[in-house]
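S.K.: Return a 3D structure for these sequence lines:
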Amino acid sequence: MSALYTIILLVVSNIFMTLAWYGHLKMQELKWISNTTPLLVVILISWGIALLEYCCQVPANRMGFTGNGGPFTLMQLKVIQEAVTLVIFTIFTVVFFRGEQLHWNHFAAFVCLILAVYFVFMKN
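M.R.: Numbers count the residues shown, from 1 in each chain. Below is the predicted model of the structure:
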């Protein structure tokens, strides 16, 4: 069950991370902030969102790590996190930034990441 909780927390964490890193671009497009909004204000907004990310990321890693009784090695946790990040970012980009398009090379990168997940979970 801790594997499922870990992955759920990583998904929620990555939603917040994507919003913290790229949400201000959508806020600018929606005119919630402007080009003249001070960078410090934008950074503080992103930090506030990133705090929520860390509130999910840190427990996910602690709970999921084999050293704490979880099911995943450190390398497995990192590769899972990268795979989740790519999926969340892709959904975010396609849904919120309609001008962005997926191309064959993006799908090739997805395949490579899926292979990375496979290889990191492969038994020696």
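
S.K.: Okay, now the unreliable bits of the protein?
M.R.: In the predicted model of the chain, no residue satisfies pLDDT under 70.

S.K.: What ranges does it have for its helices?
M.R.: Applying DSSP state H to the chain gives helices spanning 2-29, 39-64, 74-96, 104-121.

S.K.: Compute the inter-axis angle for the second one and helix 2-29.
M.R.: Computed by axes from the mean of the first three to the mean of the last three Cα atoms, to 10 degrees, the angle separating helix 39-64 from helix 2-29 equals 170 degrees.

S.K.: what's the offset of helix 39-64 from the middle of its chain?
M.R.: Chain-centre distance of helix 39-64: 11 Å, with Cα atoms, centre = their mean, to the nearest Å.

S.K.: And the third one, by the same measure?
M.R.: In this view, helix 74-96 has its centroid 5 Å away from the chain centroid, taken as Cα atoms, centre = their mean.

S.K.: circling back to that earlier point, give me whichever of the helices of the chain is most buried.
M.R.: Comparing the helices of the chain by mean neighbour count (mean count of other Cβ atoms under 10 Å), helix 2-29 comes out on top with a mean of 18. Where you see a C-beta, it was placed from the backbone N, CA and C, and this is true even at glycine.
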